[in-house]
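1. how would this look folded up:
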Amino acid sequence: MTTYSTSLKLELPGDGQQSGTWGQTTNKNLGDLLEQAITGVQTITMLDANYTLTNLNGTLDEARNAVIKVIGTNTAQRDVIAPIQEKLYTIYNATTGGYAIRVIGASGTGVVIPN
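-> Below is the predicted model:
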């Protein structure tokens, strides 16, 4: 049975699965997903509302990236909602309007990033 790793959502084929094709999964995990986690830069656009990062199993997504650049215009402090998994991010608040953003999980206090 195929499962996925908790933090980076890498595909973990079960014993005996993907006979003859497991190399494709390995290449995707190492060549795409791990590379995105280590060097990926994702720009997201806030539309004066909270923004939830995509967090998908076995495919490219927003939350896996190492750097998140936030653009858009806000009229108040808004939240970027990340998965509740340990992950090191570099966040760049490039929004206009002069407001901070807060990076937070589904719960907790989060971290405020000034404009």
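
2. where does pLDDT dip in the protein?
-> For the chain, no stretch is flagged by pLDDT under 70.

3. for the residue nearest in space to the middle of the chain, phi and psi?
-> In the chain, the centroid-proximal residue (Cα atoms, centre = their mean) is Ala63; its distance is 0.5 Å. With angles defined as degrees, to the nearest 10, Ala63 sits at phi -70, psi -20.

4. my guess is it contacts Pro83, does it?
-> Yes: between Ala63 and Pro83 there is a contact at 5.2 Å, judged by Cβ atoms under 8 Å. (Each C-beta comes from the backbone N, C-alpha and C, glycine too.)

5. identify the contacts common to the two.
-> Taking Cβ atoms under 8 Å, 6 or more residues apart in numbering as the contact rule, Ala63 and Pro83 both touch 53, 55.

6. separation between Leu12 and Ala76?
-> For Leu12, the distance to Ala76 equals 41 Å [Cβ to Cβ, to the nearest Å].

7. show me which of those two is the more surrounded one.
-> Ranked by neighbour count (other Cβ atoms under 10 Å), Leu12 and Ala76 place Leu12 first, with 14 against 9.

8. state the distance from that one to Asn65.
-> For Leu12, the distance to Asn65 - Cβ to Cβ - is 21 Å.

9. what segments of the chain are strands?
-> 3-4, 11-12, 41-46, 51-52, 67-72, 78-81, 90-93, 101-104, 111-113 (DSSP state E).

10. check which helices and strands the last one is in contact with.
-> Here strand 111-113 is seen to pack against strand 90-93, strand 101-104 when contacts are counted using 3 or more Cβ pairs under 8 Å, 6 or more residues apart in numbering; DSSP states H and E.

11. who does Met46 form a beta bridge with?
-> Counting by DSSP bridges, Met46 forms beta bridges with Gly72.

12. isn't it up against Gly72?
-> Yes: taking Cβ under 8 Å as the definition, Met46 is a contact partner of Gly72 at 3.7 Å.
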